[in-house]
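Peer 1: Here is a sequence with its predicted model. Questions after.
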Amino acid sequence: MNKGFLIIGGIIFAVYIYLTFWNIYISHKTQKKNNYPELEKKEIFEAYDKANKEDSSK
């Protein structure tokens with residue numbers, strides 16, 4: 001009986017973790033599409049590098 005509870009709990013936990021990461025991925029994708037629809041990956045990386053260089057020089 002105890003092993004059954006452990007297995008069912010593990011399955012529920014695994015499904016919960018999967019759905020949590022899936023939700024984060026979909027939300028990030030939707031937010032990026034809504035806020036920056038015309039931005040390309042190259043521009044994102046360039047802006048990230050520029051911001052990091054400005055922060056490190058302070």
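Peer 2: Arrived safely.
Peer 1: ok, longest helix in this protein?
Peer 2: When the chain is parsed with DSSP state H, its longest helix is helix 2-35.
Peer 1: average model confidence for that one?
Peer 2: The average pLDDT for helix 2-35 rounds to 94.
Peer 1: C-terminal to it, what's the next element?
Peer 2: Of the helices and strands lying after helix 2-35 in sequence (DSSP states H and E), the nearest is helix 41-56.
Peer 1: So which elements touch that next one?
Peer 2: Helix 41-56 sits against no helix or strand, with contacts defined as 3 or more C-beta pairs under 8 Å, 6 or more residues apart in numbering; DSSP states H and E. Where you see a C-beta, it was placed from the backbone N, CA and C, and this is true even at glycine.
Peer 1: which residues make contact with it from outside it?
Peer 2: Contact partners of helix 41-56, identified using C-beta atoms under 8 Å, 6 or more residues apart in numbering, comprise Tyr36.
Peer 1: ok, 10 Å please
Peer 2: 32, 36, 39-40 (C-beta atoms under 10 Å, 6 or more residues apart in numbering).
Peer 1: Between helix 2-35 and it, find me the angle.
Peer 2: Orientation of helix 41-56 against helix 2-35 (axes from the mean of the first three to the mean of the last three C-alpha atoms, to 10 degrees) gives an angle of 90 degrees.
Peer 1: Can I get helix 41-56 as CSV, trimmed to CA atoms?
Peer 2: Taking Å, rounded to 0.1, in the frame of the first residue of the first chain, the C-alpha atoms of helix 41-56 are listed here in CSV:
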residue,chain,number,x,y,z
LYS,A,41,17.1,37.2,-32.1
LYS,A,42,20.2,39.1,-33.3
GLU,A,43,18.8,42.4,-32.0
ILE,A,44,17.9,40.8,-28.7
PHE,A,45,21.5,39.5,-28.2
GLU,A,46,23.0,42.8,-29.2
ALA,A,47,20.8,44.7,-26.7
TYR,A,48,21.7,42.2,-24.0
ASP,A,49,25.4,42.6,-24.6
LYS,A,50,25.2,46.4,-24.7
ALA,A,51,23.2,46.4,-21.4
ASN,A,52,25.8,44.1,-19.7
LYS,A,53,28.7,46.2,-20.9
GLU,A,54,27.0,49.4,-19.5
ASP,A,55,26.4,47.6,-16.1
SER,A,56,30.0,46.4,-15.8
